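>>> Coordinates for the following, if possible.
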Amino acid sequence: NAFVAALKNDGTVWTWGYNSSGQLGDGTNVNKNLPVQVDIQNVKDIYVHDSSVLALKNDGTLWGWGYNENGELGNGKTTNQKSPVQVNISNVSNVFMGGKRTFAIKTDGTVWAWGYNGSGRLGDGTSTDRYQPVQISINNVKAIYPMDTFTIALKNDGTVWAWGINSSGQLGIGSTSGKETPTQSNITNVKELYVHNNSVLALKNDGSLWAWGSNWGGQVGDGTKNDTSVPV
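Numbers count the residues shown, from 1 in each chain. This next block holds a predicted model:
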């Protein structure tokens, strides 16, 4: 936190600010109040969560630095990294970070995950933290939302899949039972998902809006303050 990572049009990465976990990627733990260049080139996209940074290069390789105590960087270790290290994955097309874990979609449509895995948040059928990528039993995914307690994904076919903790019905499966593998939510034809904490909104292709999960403040919009495990 309290730092900035910027990607320039020439594929270089520059950082500044707080550097306690090596999140500036300049090989030090020294704070910087001016931009410093990270030793990495040909970067297509960068992704930041808390004090961890991942950089996707044009060749499909993924590199990371900063906080890594839960294996967020996917390099097989749990030590913070002050300079870019390569993640043990290739042919990456998109990355989603959150909740001390990372998901990557490869060019073949497969999904891979690593990092914190309490209560099955990674979706690999276990609750064991993973320090390098493992494949998840879901593919053809459009977007993944790794929240603090659960993970939810929107597939290209408009179906929604979720896993992890389900105490507020946030998985949308009609119960409050947690899941350690992707489980289909009770909704189809979804165009976009909007997720905050344990509440989910789904915009369908027909323009209708559906919601489920935590509803203590009326955020589901159904006229009640009762949690719901079924989209309404």
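>>> Find the residue at the geometric middle of the chain.
Central residue of the chain (Cα atoms, centre = their mean): Met97, 2.9 Å from the mean position.
>>> I figured that residue hits Ile46, correct?
No. Counting by Cβ atoms under 8 Å, Met97 does not reach Ile46; the two are 10.5 Å apart. Heads up, the C-betas are built off the backbone N, CA and C, glycines and all.
>>> so what sits against both of the two?
Leu54 (Cβ atoms under 8 Å, 6 or more residues apart in numbering).
>>> mind listing what the residue nearest to the centre of the chain touches?
When contacts are counted by Cβ under 8 Å, 6+ apart, Met97 is found next to Tyr47, Val48, His49, Ser52, Leu54, Glu72, Phe103, Pro146.
>>> In terms of pLDDT, where does it sit?
Model confidence at Met97, given as pLDDT, is 97.
>>> does it sit in a helix, a strand or a coil?
strand (DSSP: H, G, I helix; E, B strand; the rest coil).
>>> Against Asn117, how distant is it?
15 Å (Cβ to Cβ, to the nearest Å).
>>> following the strand ranked longest in the chain, which helix or strand comes up?
In the chain, assigned by DSSP state E, the strand with the most residues is strand 130-139. Later in the chain than strand 130-139, the nearest helix or strand by DSSP states H and E is strand 141-146.
>>> Now do that following strand: everything it contacts.
For strand 141-146, contacts defined as Cβ under 8 Å, 6+ apart pick out 96-99, 101-103, 105, 109, 111, 121, 151-156, 193, 195.
>>> among those, which ones are buried?
96-99, 101-103, 105, 111, 121, 151-155, 193, 195 (16 or more other Cβ atoms under 10 Å).
>>> Thank you, goodbye.
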